[in-house]
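In: need a structure here:
(one chain, ligands or ions: 1)
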Amino acid sequence: MHHFHDRPGPPGLELWCEEVPLSRIADAVGTPVYVYASATLAHHYAVFVRAFAPRDVSVAYAVKANSSLAVLATLARLGAGADTVSEGEIRRALAAGVPASRIVFSGVGKTDAELAFALDAGVSEINLESELELHRLAAIAADKGVRATVALRVNPDVGAGGHAKITTGSDENKFGVSASEVERLYARACALPQFDVAGLACHIGSQITEFAPLRAAFAAMRTLVERLRAGGLPVRRLDLGGGLGVPYGDAPPPPTPADYARAVLDTVGDLEVELAFEPGRLIVANAGVLLSRVIQVHTRPSGRRFLVLDAAMNDLLRPALYDAHHAIRPVRTPEPGAVERPYDVVGPVCETGDTFARDRRLPDLAAGDLVALMTAGAYGASMSSEYNSRPLVPEVLVKGADYAVTRPRPSYEEMLGRERRAPWLG
Ligand code: LLP
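Out: Numbering: from 1, shown residues only. Below you'll find the predicted structure:
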C-alpha cells in the first residue's frame, strides 16, 4: 500500500505523490530526484505496530534504510525509535528528534570512539556482537564510570534474505555470537558491574520473503532464552531485528506484517519479554520513488532498444549490486492498449552494470519523458554516491498537497569545493 496514484492532470492521467503531481516536482527540482510520501511512512509504521496489538512492542526504525533527517523526523514524531550502526547514524537520529532512550546501537565493527560516543549520548541499548567487543565496551564504560545497557546479538545460523549479499544470520557471516557461545558470554556480561544486560538480539537478513527461516530463527531465540533463564540469568528483552521483505513486483509477495506478527507471537509470544524490532525496508521502501527523465532512446543495430535515463547506478545502486528488480513506469499514464516494447533501461554511467532493467516492457517513450523507479525509498538515497562526479541526488518529502526539498542537489561548485588540493600541488 502506498500513496503514488494516477490522477487526472492538465495533460491527462499522470502519477501523483499524495496531492502533488510528480511532474511538478520534476519541473521545480530537476531530475533525478527521490520523492517520499509522508502518508506511506506513517501507514507502514502504524501497520507494523498494530500487527502486534494489543501487545506493546518497541520499534527502532533501521536508519540505514533511509537516513534522511526529514524521514527520521517523520517517524520520530510517530514514536519510532532508531536502530543505528555508526556514530553518524546516532547523530542523525538525535538531530531528527529521536530521544536517546529509543536509540539502539548495533553493528559488527563499532570503534572505541563510537562506543564512547554512544555511552555519552545515553543510547538505550548497545548490541554486542563479539567477546572482544564485550570487553572493549566494559573497559570504556569502566573508564567513564557509567553502566551500559547491552544485549547480545546472536547469530542463530539461519541464513535468509533476498540476496547472498544481504544474508546475515548464517554462521558463514560476520555477524553476532554463535548460539554455542551465548550462555558463556551472557553470564560473563551479567557478571560485569559495567553492564545492565537486557537480553538477546538477532537479525538474520533483509528482504526475507519466506516464513520458514523467520520461524526457525525465532524458535532458536526462544530456546536460548529458556536456556539462559534455566541457568538463572535474567532476560527481559528480545530484539528480533528487521528483515521482512516488501513486494518489488518480481516475485510472490512476502508475508504481511500481520503474518509476521503471528509467527513472532506463536514462537516467542508467551516468553514474558519485551519484544523489540528493527524494521527498515518495510517502513520506507514503498514510500519512495526515484523520479528520472529520459535523456534519449536509441536502438543498436542488434535491435536492442535502450532507454537512457538521467538517473544512474550512483543514484540507485540496488539493481547493479544485487540484481534487484524495481518496477519502472512512465509518469504520464499511457493510453489504454498502448503498445509495449522491451527496453534495456540504463543510466549514463560508464559501465554496463549501470543497468536498471533488461528487456523491460514499456510503452513508447521519448526524450524528456518522466519515469518513476518504484519502491525505491529503502536503500536508494542512503546508498547513493557521486560516482562519475554526478552531484548527489536530491530528496523531496511530500505531505498532502505540500512538498519540501529535504536534501537539495549540490551545485558543481559545492561538490568540488568540498575537496582540497595537496599543498605541493599549488
Ligand atoms: N537490523 C540490522 C542489524 C540490520 O543489519 C538491518 C539491515 C536491519 C535491521 C534492517 O533490515 P530491513 O528491515 O531493512 O531488511 N542494502 C541492501 C539491504 C541491506 C540490509 C542491511 N541490514 C538492499 O538494498 O537490499
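
In: Centre-most residue in this protein?
Out: Centroid-nearest residue in the chain: Ala65, 1.8 Å away (criterion: C-alpha atoms, centre = their mean).

In: count of residues packed around the nearest residue to it once chain neighbours are set aside?
Out: Distances taken as C-beta to C-beta, 6 or more residues apart in numbering put Gly280 closest to Ala65, at 3.1 Å, once the chain neighbours are dropped. (Each C-beta comes from the backbone N, C-alpha and C, glycine too.) Here the count is done by other C-beta atoms under 10 Å, and Gly280 has 24 residues near it.

In: Use 751 as the first number for this chain going forward.
Out: New numbering, starting at 751: the last item is Gly1030.

In: Would you check that Gly1030 makes contact with Ser817?
Out: No: with contact defined as C-beta atoms under 8 Å, Gly1030 does not reach Ser817; the gap is 10.0 Å.

In: which residues of the stretch 851-1000 of the chain score low on pLDDT?
Out: Counting by pLDDT under 70, the stretch 851-1000 of the chain has low-confidence residues at 909, 911-912, 916-922.

In: Nearest to the ligand: which residue in it?
Out: Closest residue of the stretch 851-1000 of the chain to the ligand, C-beta to the nearest ligand atom: Gly992 (2.6 Å).

In: which residues does that residue contact?
Out: 812, 833, 953, 956, 1027-1032 (C-beta atoms under 8 Å, 6 or more residues apart in numbering).

In: try 6 Å this time
Out: By C-beta atoms under 6 Å, 6 or more residues apart in numbering, the contact set of Gly992 is 812, 1028-1030.

In: just the residues you listed that are near the ligand?
Out: Of the residues in the contacts of Gly992, proximity to the ligand by C-beta under 6 Å from any ligand atom holds for 812, 1028-1030.

In: Return the residues of the protein in contact with the ligand.
Out: Residues of the chain lying near the ligand (C-beta under 6 Å from any ligand atom): 812, 814-815, 833, 856, 916, 918, 953, 956-957, 991-993, 1028-1032, 1068, 1072, 1129.

In: thinking again about what came up before, top of the contacts of Gly992 by neighbour count?
Out: Most crowded among the contacts of Gly992, counting by other C-beta under 10 Å, is Ala812 at 30 neighbours.

In: Need the pLDDT of that one.
Out: Looking at Ala812, its pLDDT stands at 98.

In: what about Ala937, neighbour count?
Out: The number of residues near Ala937, taken as other C-beta under 10 Å, comes to 14.

In: Give me the three-state assignment for it.
Out: For Ala937, the assignment made with DSSP: H, G, I helix; E, B strand; the rest coil gives helix.

In: Give me the distance between it and His885.
Out: 14 Å (C-beta to C-beta, to the nearest Å).

In: what's the answer for Pro1003, then?
Out: Pro1003 is 44 Å from His885, by C-beta to C-beta.

In: ok, the two, which is more surrounded?
Out: Using other C-beta under 10 Å as the criterion, Pro1003 and His885 rank with His885 on top: 14 against 11.

In: Can you name the helix or strand that that one falls in?
Out: Following DSSP states H and E, one finds His885 within helix 881-894.

In: Quick check: can you name the pairing partners of the helix or strand just after that helix and their directions?
Out: Sequence order places strand 898-905 as the next helix or strand after helix 881-894, per DSSP H and E. Pairing partners of strand 898-905, with direction, according to DSSP bridges: strand 875-878 (parallel), strand 927-928 (parallel), strand 945-951 (parallel).

In: Would you point to the one among those strands that's packed deepest?
Out: Ranked by mean neighbour count, the strands paired with strand 898-905 are led by strand 875-878 with a mean of 28 (mean count of other C-beta atoms under 10 Å).

In: How about residues contacting that one?
Out: 854-856, 868, 884, 898-903, 948, 951.

In: so which of those comes closest to Asp1104?
Out: For these, the residue nearest Asp1104 by C-beta to C-beta is Ser856; the value is 31.7 Å.

In: Helices of the stretch 901-1050 of the chain, residue ranges please.
Out: Shown for the stretch 901-1050 of the chain, the helices assigned by DSSP state H, counting those that start in this stretch span residues 929-941, 961-980, 1007-1018, 1031-1034.

In: Check the gap between the nearest residue to Ala801 once chain neighbours are set aside and the ligand for me.
Out: Closest residue to Ala801 apart from its sequence neighbours, by C-beta to C-beta, 6+ apart: Ala1011 at 3.7 Å. For Ala1011, the distance to the ligand (C-beta to the nearest ligand atom, to the nearest Å) stands at 14 Å.

In: swap in Leu1112?
Out: In terms of C-beta to the nearest ligand atom, Leu1112 sits 23 Å off from the ligand.

In: In this structure, where's the longest strand?
Out: If you go by DSSP state E, the chain has its longest strand at strand 1038-1049.

In: now the helix or strand that that strand is followed by: mean pLDDT?
Out: Heading C-terminal from strand 1038-1049, the first helix or strand you meet, by DSSP H and E, is strand 1055-1059. In this model, strand 1055-1059 has an average pLDDT of 97.

In: What residues sit buried inside strand 1055-1059?
Out: For strand 1055-1059, a neighbour-count test (16 or more other C-beta atoms under 10 Å) marks 1055, 1057-1059 as buried.

In: Could you do stretch 796-806 as well?
Out: Neighbour-count burial for stretch 796-806 flags 797-799, 801-802 (criterion: 16+ other C-beta under 10 Å).

In: What of stretch 998-1016?
Out: 998, 1004-1005, 1007, 1010-1015.

In: Let me know the closest of those to Arg1140.
Out: Of the buried residues of stretch 998-1016, the one sitting nearest to Arg1140 (C-beta to C-beta) turns out to be Tyr998, at 24.4 Å.

In: Distance of the closest one relative to Cys767?
Out: Plainly put, Tyr998 is 19 Å away from Cys767 if you go by C-beta to C-beta.

In: Any idea how many residues pack against Ala1172?
Out: Residues within reach of Ala1172, counting by other C-beta under 10 Å, total 6.

In: now swap in Gly762 and tell me
Out: 11.
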